[in-house]
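Q: can't give you the sequence, but here's the structure:
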């Protein structure tokens, strides 16, 4: 089975702008990619990073400037085996969870992400087509069923937390242990609890 | 094993205030409680709701006006068996996930929730004490380890999504199928995708 990891090499993680500069966002995105590649590799697979531009990472890289869905669909259509697609912004991912994803039965296996996303999928049909824009988990479910494909879901917090917004970095600081977590710690990010008991992430002097 | 479901019967879900009136927040909180009670019951357990005031629900109710941690700790201390504590605001919960929680080995089993919470725990030691305020998942881990107790974690999206903020209702509309999801649909809530592809929940005419 091929495992593809799509990656925006140019302007990733725009919604972290309140907290991070453009160069920091690129740097954190690469740390997250390295964590995902590590998890897949430790699960015994050699992933391929499908990047919109050149990127240095411990995996094969294919540069593809197309948008996410056509770049992925092209690889699904050309494959004669199962294909897995794992997002690059899942720093909580572990090899155990990758194994669970890859071993779950179903023509199409979906792992939901926060806010309607599809953080990972496996398709055992070369006819399945993706639509990552908008509420993709619902669209992927509907498309698979309309094509008569059996859909299974992976119930995983570690697969479900993708990093898009500052609040997601709380999850990285708490539950990840790879390069992304180190990246945050090295730059002085730490958790804070406000008077309502809510946990946030901040940078600078500890509050 | 006793399964306790703590419930704020008085002023629940204050962070949903931008979207829901006080009476709607109470009503939705009861729908979510009913969903959690259903999941636990279907898993073959008779849960006990520990509520800060009277509440009508298909389960035994103990009224306890204390704050969450002392109310839970008292029950752990008095128990001579394992104790499970499942939060009342987990409308994505299913009986399969409850079974996984209750069957996971470990002196203390923790299920993380968004933002540093502990959405469910099992303790097989009557000496364990909770601290639900603030970053409870970290505090619970640290306390258990300091007491020499073995800690295990349940990796579940359905356990991890507790409903505190408007964005969490997107998850309910997408991934739940009980009273809470019906509650939202009956009141005209529906999903919207903005021009950046982000999914939100709104009420009224479809956008």
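A: Structure's in. What do you need? Predicted, not measured: the structure shown is a model, and the values here were computed from it. Numbering: from 1, shown residues only, chains lettered A, B, ... in the order given.
Q: Is the host helix or strand of residue A:139 positioned near chain B?
A: Assessed by DSSP states H and E, residue A:139 sits inside helix A:136-146. Yes - for helix A:136-146, a contact with chain B is found by C-beta under 8 Å from any C-beta of the partner chain, at A:137-138. In this view, the C-beta of every residue, glycine as well, is placed from N, C-alpha and C.
Q: and that helix, how far out from the chain's middle?
A: Its chain's average C-alpha position is 19 Å from that of helix A:136-146, according to C-alpha atoms, centre = their mean, to the nearest Å.
Q: Mind listing what's buried along it?
A: Within helix A:136-146, the residues that count as buried by 16 or more other C-beta atoms under 10 Å in any protein chain shown are A:136-141, A:143-144.
Q: And for stretch A:172-180?
A: Buried residues in stretch A:172-180, counting neighbours by 16+ other C-beta under 10 Å, are found at A:172-176, A:178-180.
Q: could I get those as JSON lines with pLDDT?
A: Shown next, in JSON lines, are the buried residues of stretch A:172-180 (pLDDT from 0 to 100):
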{"residue": "A:172", "pLDDT": "98"}
{"residue": "A:173", "pLDDT": "98"}
{"residue": "A:174", "pLDDT": "98"}
{"residue": "A:175", "pLDDT": "98"}
{"residue": "A:176", "pLDDT": "98"}
{"residue": "A:178", "pLDDT": "98"}
{"residue": "A:179", "pLDDT": "98"}
{"residue": "A:180", "pLDDT": "98"}
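Q: hang on, the earlier thing: let me know the next secondary structure element after the helix holding residue A:139.
A: Note on helix A:136-146: by DSSP H and E, the next helix or strand toward the C-terminus is strand A:151-153.
Q: Which neighbouring elements make contact with that next one?
A: The helices and strands touching strand A:151-153, judged by 3 or more C-beta pairs under 8 Å, 6 or more residues apart in numbering or on different chains; DSSP states H and E, are strand A:108-113, helix A:136-146.
Q: Adding mean pLDDT as columns, could you present those in TSV?
A: Written out in TSV, the entries for those read as follows (pLDDT from 0 to 100):
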stretch	mean pLDDT
strand A:108-113	98
helix A:136-146	97
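Q: The ones you listed: which one's closest to residue A:101?
A: Closest approach to residue A:101 among these (C-beta to C-beta): strand A:108-113, 6.2 Å.
Q: sorry, back to before: restrict the buried residues of stretch A:172-180 to contacts with chain B.
A: Residues of the buried residues of stretch A:172-180 in contact with chain B (C-beta under 8 Å from any C-beta): A:174-175.
Q: For residue B:122, state which of the buried residues of stretch A:172-180 is nearest.
A: Taking C-beta to C-beta as the measure, residue B:122 sits nearest to residue A:175 out of these, at 18.8 Å.
Q: doesn't residue A:92 make contact with the closest one?
A: Yes - in this structure, residue A:175 is within contact of residue A:92 by C-beta atoms under 8 Å, at 5.0 Å.
Q: what do these two both touch?
A: Listed as contacting both residue A:175 and residue A:92 by C-beta atoms under 8 Å, 6 or more residues apart in numbering or on different chains are A:157-158, A:161.
Q: Quick check: residues of chain A near chain B?
A: Residues of chain A lying close to chain B by C-beta under 8 Å from any C-beta are A:97, A:112, A:114-116, A:133-135, A:137-138, A:155-160, A:167, A:170-171, A:174-175, A:191, A:193, A:197-199.
Q: Apply 6 Å and report the result again.
A: Contact residues (C-beta under 6 Å from any C-beta of the partner chain) of chain A with chain B: A:115-116, A:133-135, A:155-158, A:160, A:170, A:174, A:191, A:193, A:197, A:199.
Q: Report the buried members of those residues.
A: Among these, the ones that count as buried by 16+ other C-beta under 10 Å are A:115-116, A:134-135, A:155-158, A:160, A:170, A:174, A:191, A:199.
Q: what ranges do the strands span in chain A?
A: Here chain A has its strands, by DSSP state E, at A:2-7, A:48-51, A:60-63, A:83-86, A:108-113, A:117-123, A:151-153, A:189-193, A:199-203.
Q: can you put these in JSON lines and add distance to residue A:22?
A: As requested, those are exported to JSON lines (distance: least, C-beta to C-beta, whole Å):
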{"stretch": "strand A:2-7", "distance to residue A:22": "16"}
{"stretch": "strand A:48-51", "distance to residue A:22": "17"}
{"stretch": "strand A:60-63", "distance to residue A:22": "21"}
{"stretch": "strand A:83-86", "distance to residue A:22": "25"}
{"stretch": "strand A:108-113", "distance to residue A:22": "24"}
{"stretch": "strand A:117-123", "distance to residue A:22": "23"}
{"stretch": "strand A:151-153", "distance to residue A:22": "35"}
{"stretch": "strand A:189-193", "distance to residue A:22": "17"}
{"stretch": "strand A:199-203", "distance to residue A:22": "16"}
